[in-house]
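> got a predicted structure plus its sequence, pasted below:
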Amino acid sequence: MEPPSSPSSTITAPPDYHDTSWRLGKLIAEAITCRFALLHYDSTSKSMIEWYWPADGDGKRIPPPDLERYPCCLCADGGGRKAYVEAAVYSWWNKMDKNTDWIARCALDICGYRVKIDIYFQISSLATFQYPQRASLMDDEEHPVLPIEFTWNYREQTELLNKLDSSDGDGIPERKFRILFKRCKKCKRVGVRPVINHHICSGGVQKHRRNRLMQ
């Protein structure tokens, strides 16, 4: 009788991260360079496909500022056949062109998906679709919030903070301010969103210490 094999005798090859990075990089390049259609990630085919631009009840295209549905970024890769991770859509002032660009990018700036969508809105043959209307979301102070978690990347955050710190300008829009800063629900302190998302809450620490003293 042969002795049972040891669990350690089975060697599992580690995932090929280099191959995955190369594949996703190729998909991002497709989305950036395509000029006839706005491409986004499809988790079923694991490829970039055309995103149908949202249309209103009359079949007219909804302009970028009023969009309630967004393309899928590559963060959905590996999440299954029905995975869909919405990108963020927002406006940004282009210093080089002196023009406002509308951008769709990975909401957390992780996967690298980033596409200017203005040019596609003007295409006459653009495919459209009437999506179900999304219920509006409100924060604790009854301000509208994005249906997805969104943070500015480092370059955007730095530029917004510089505008707030400059006397030569008109500040920043309220919506961008609310994305830039966040208030902790426990200690009520306010800071830039990436910091507050990972900060050690002083309110929680103080409460914990008070409970220990009472014991």
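Okay, I see it. Quick caveat: nothing in here was measured; it's all calculated off a predicted structure.

> C-alpha only now, for contacts and for neighbours.
Noted.

> after the longest helix along the chain comes which helix or strand?
Ranked by residue count under DSSP state H, the longest helix found in the chain is helix 17-33. Next in sequence after helix 17-33, counting helices and strands by DSSP states H and E, comes strand 39-42.

> strand partners (parallel or antiparallel) of that next one?
Sheet pairing of strand 39-42 (DSSP bridges) gives strand 47-50 (antiparallel).

> what is the rounded mean pLDDT of the strand it pairs with?
For strand 47-50, the mean pLDDT works out to 96.

> got the contact list for whichever helix or strand comes after it?
Next in sequence after strand 47-50, counting helices and strands by DSSP H and E, comes strand 53-54. For strand 53-54, the surrounding residues in contact (Cα atoms under 8 Å, 6 or more residues apart in numbering) are 61-62, 67, 69, 126-131.

> the helix or strand just after strand 53-54: partners in the sheet, and parallel or antiparallel?
Later in the chain than strand 53-54, the nearest helix or strand by DSSP H and E is strand 88-94. Strand pairing for strand 88-94, determined by DSSP bridges: strand 99-105 (antiparallel).

> pull out the buried positions in the partner strand.
Judged by neighbour count (16 or more other Cα atoms under 10 Å), strand 99-105 contains these buried residues: 101-105.

> stretch 72-91 too?
Applying 16+ other Cα under 10 Å to stretch 72-91 flags 72-77, 83-90 as buried.

> what sits up against that stretch?
24, 40-44, 46, 64-65, 67, 70-71, 100-107, 110-113, 148, 150.

> same deal with stretch 111-118?
28, 31-32, 38, 64, 73-75, 101-106.

> farthest-separated two in the residues you listed?
By the measure Cα to Cα, Cys75 and Asp101 form the most distant pair in the contacts of stretch 111-118, at 23.1 Å.

> show me what Thr100 is bridged to.
Counting by DSSP bridges, the residues bridging with Thr100 are Trp93.

> dump the residue contacts of it.
Counted by Cα under 8 Å, 6+ apart, Thr100 has contacts 91-94.

> what do you get for His40?
31, 48-51, 71-74 are the contacts of His40 under Cα under 8 Å, 6+ apart.

> repeat that with 6 Å
Going by Cα atoms under 6 Å, 6 or more residues apart in numbering, His40 touches 48-49, 51, 71-72.

> in this structure, which helix or strand is least confident?
Least confident helix or strand of the chain, by mean pLDDT, DSSP states H and E, is helix 202-214 with a mean of 44.

> do you know how far Ser43 is from Gln130?
21 Å (Cα to Cα, to the nearest Å).

> repeat that for Tyr154.
35 Å.

> between these two, which has more neighbouring residues?
Neighbours per residue, other Cα atoms under 10 Å: of Tyr154 and Gln130, the larger number sits with Gln130, 16 against 11.
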